[in-house]
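prediction below, plus the sequence it came from.
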Amino acid sequence: MRATASAPGKVILFGEHFVVKDQPAIAVAVSLRAYVTATLLKEKTIRVYSRNLALSREYTLPPADDKNPLYPVAHAAFTVLNKLGAYHGISIEIDSEIPPSAGMGSSAAVSVATIAATAKAMGEDLRLEEISRMAYEAERIVHGRPSGIDNTIATYGGAIAYRKSEGFLRLNVDFKDVSLILADTGKPRSTGLLVKRVLDLYDAFPSVLEPIYYAAGRLAVEAAKMMERGDWEAVGALMNVNHGLLSAIGVSTIELEQIVYAAREAGALGAKLTGAGGGGYAVILCKRDHEGKIIEELRKVSPRLLKLNVENTGVSTS
Ligand code: PMV
C-alpha cells in the first residue's frame, strides 16, 4: 500500500522564542507544502529519501539516532508503525517546497506529513491531535526544546494563537487586503542553538528578561484582536515592536535589520524577523497596492523573496 500526505509550512507573526516560556504566539500556515509518499515494505526497515535535500538513509528497526537530518523522519514513521502494530517496514519519500533551516517550519511539516502518510499507507486515519502530538516528539529531536507551535500549525493550517500550556485557538482573519512577503537573509541557522542561547540569557538575567517576555505575551494578545478586526496598521506597528523585542534578546542580525529597515522605509505596514532568527527570513506585511514598490526595494537587500498566501488546509492525505 502507498499513500501521499502533505502539510504546510508556517510563518510566525508574533511571539517566537517567548512562546518557549509559555507566552502566547501567533502563526499562519503558508502556501508552501511538504509532500510525503509512504510505501509499505516487506523488509523490516525504514528508508527515507529527500528529493529536495538530495539525502537518503536506511534504518533497521527500531531506528537509532545517528544525527542524520533524516533520523527524526524515520523516528516519526517508526512511532506510527509501532502504534499501529506493523510487522513490516516503510519507505518515505519527501518532496518539500519549504526552504529548510529558514524559520518556516519545514521539519514540522515533513514530520506531520510523514505521520499522516505512514498511517494512511496502513489503511488508518489518525486524529489530528495524535498527528500533532507525534510530530512534536520528532520536533524534540530536531530542535531540543520546541514550543509545539510548528507541529500545531502544520497539522491544522489557517491562522492560530498558540500557548504551550493552553493549546491553540483558531483565529478568524481575512487577509485579502494585505500581502505577506518573506525576505531571505541567505543565512541558514539552527533553531535548537538559538533557542538555547535565548534560554541561557533568560537564566543569566531573569529579572531583566521577564518583563520583556511579559510584554511579548501582551503584544501577541493585542495583535490577535487587531488581526481579527482587520486593523492592519495596528498589526504592522505591533510587528515592529515585536522585532525590537527579538533584537533585545539577541536573535536579530545585520542582514535581518537591513531587510526590516528597507521594508519599513519603502512603506511596509510592519516588518520583523520570523522564527528563530540568527539568519533565515524576515516577514513583511504590506497593503496589496504597495507590494510592487516594496518588492523592488527588498530586491536590493535580499537574495530571495517569496510572496505567500495564508493556507487554510492543514495536513491532508490522498
Ligand atoms: O525558526 P523555526 O521555524 O524553527 O521556528 C522556531 C520558533 C521558536 O519559537 C524560536 C522555537 C519554538 O519551538 O517555538
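Structure's in. What do you need? Note that the structure is predicted; figures quoted are calculated from it, not measured.

which strands or helices does the longest helix anywhere in the chain pack on?
If you go by DSSP state H, the chain has its longest helix at helix 206-229. Contact analysis of helix 206-229 by 3 or more C-beta pairs under 8 Å, 6 or more residues apart in numbering; DSSP states H and E lists strand 2-14, strand 25-41, strand 159-163, helix 191-204, helix 232-248 as its packing neighbours. Where you see a C-beta, it was placed from the backbone N, CA and C, and this is true even at glycine.

report the angle between the third one and strand 25-41.
Direction vectors for strand 159-163 and strand 25-41, defined by axes from the mean of the first three to the mean of the last three C-alpha atoms, to 10 degrees, enclose an angle of 100 degrees.

counting contacts, what elements does strand 159-163 pack onto?
So strand 159-163, by 3+ C-beta pairs under 8 Å, 6+ apart, packs with strand 25-41, helix 149-156, strand 167-170, helix 206-229.

and what of the fourth one?
Judged by 3+ C-beta pairs under 8 Å, 6+ apart, helix 191-204 is in contact with helix 128-143, helix 206-229.

which stretch in those helices is the model least sure about?
Among the helices and strands packed on helix 191-204, helix 128-143 has the lowest mean pLDDT, at a mean of 91.

now for it, which elements pack on it?
If contacts are counted by 3+ C-beta pairs under 8 Å, 6+ apart, helix 128-143 sits against helix 71-83, helix 106-121, helix 149-156, helix 191-204.

mind listing what's buried in the longest helix of the chain?
209, 212-213, 215-217, 219-220, 223-224, 226-227 (16 or more other C-beta atoms under 10 Å).

residue contacts, Pro24?
15, 161-163, 217, 220-221, 224 (C-beta atoms under 8 Å, 6 or more residues apart in numbering).

compare the helices and strands packed on helix 128-143 and give me the one nearest the ligand.
With C-beta to the nearest ligand atom as the criterion, the ligand lies closest to helix 191-204 of those, at 3.4 Å.

so does that closest one get close to the ligand?
Yes: contact between helix 191-204 and the ligand, assessed by C-beta under 6 Å from any ligand atom, occurs at 191, 195.

list the contacts for the residue nearest to Arg33 when sequence neighbours are not counted?
With C-beta to C-beta, 6 or more residues apart in numbering as the criterion, Arg33 has its nearest non-adjacent residue at 4.5 Å, and that residue is Ser6. Neighbour list for Ser6: 33-36, 113, 315-316 [criterion: C-beta under 8 Å, 6+ apart].

same deal with Ser96?
Neighbours of Ser96 in contact, by C-beta under 8 Å, 6+ apart: 33-35, 50-52, 106, 109-110.

the residue lying closest to it once chain neighbours are set aside: how many residues sit nearby?
Spatially, and ignoring its direct neighbours in sequence, Ser96 is nearest to Ala34 (3.9 Å; C-beta to C-beta, 6+ apart). Using other C-beta atoms under 10 Å, Ala34 is surrounded by 29 other residues.

what about the residue nearest to Pro63 when sequence neighbours are not counted, neighbour count?
Counting by C-beta to C-beta, 6+ apart, Pro63 lies nearest to Ala74, which is 4.2 Å off, once chain neighbours are set aside. Look at Ala74: counted by other C-beta under 10 Å, it has 28 neighbours.

what residues does the stretch 201-318 of the chain put near the ligand?
So the stretch 201-318 of the chain meets the ligand at 275-276, 280 (C-beta under 6 Å from any ligand atom).

contacts only, for the residue in the stretch 151-300 of the chain that the ligand sits nearest to.
Nearest residue of the stretch 151-300 of the chain to the ligand (C-beta to the nearest ligand atom) works out as Gly275 at 2.5 Å. The contact partners of Gly275, taken as C-beta under 8 Å, 6+ apart, are 11-12, 16, 102-105, 191, 281.

and the gap between it and Gly250?
15 Å (C-beta to C-beta, to the nearest Å).

what's in contact with the helix or strand of the chain with the lowest mean pLDDT?
Least confident helix or strand, the chain: helix 128-143 with a mean of 91, by mean pLDDT, DSSP states H and E. Identification of contacts with helix 128-143 by C-beta under 8 Å, 6+ apart yields 65, 71-73, 75-76, 79-80, 83, 107-108, 111-112, 114-116, 119, 126, 146, 148, 150-152, 154-156, 191-192, 195, 314-315.
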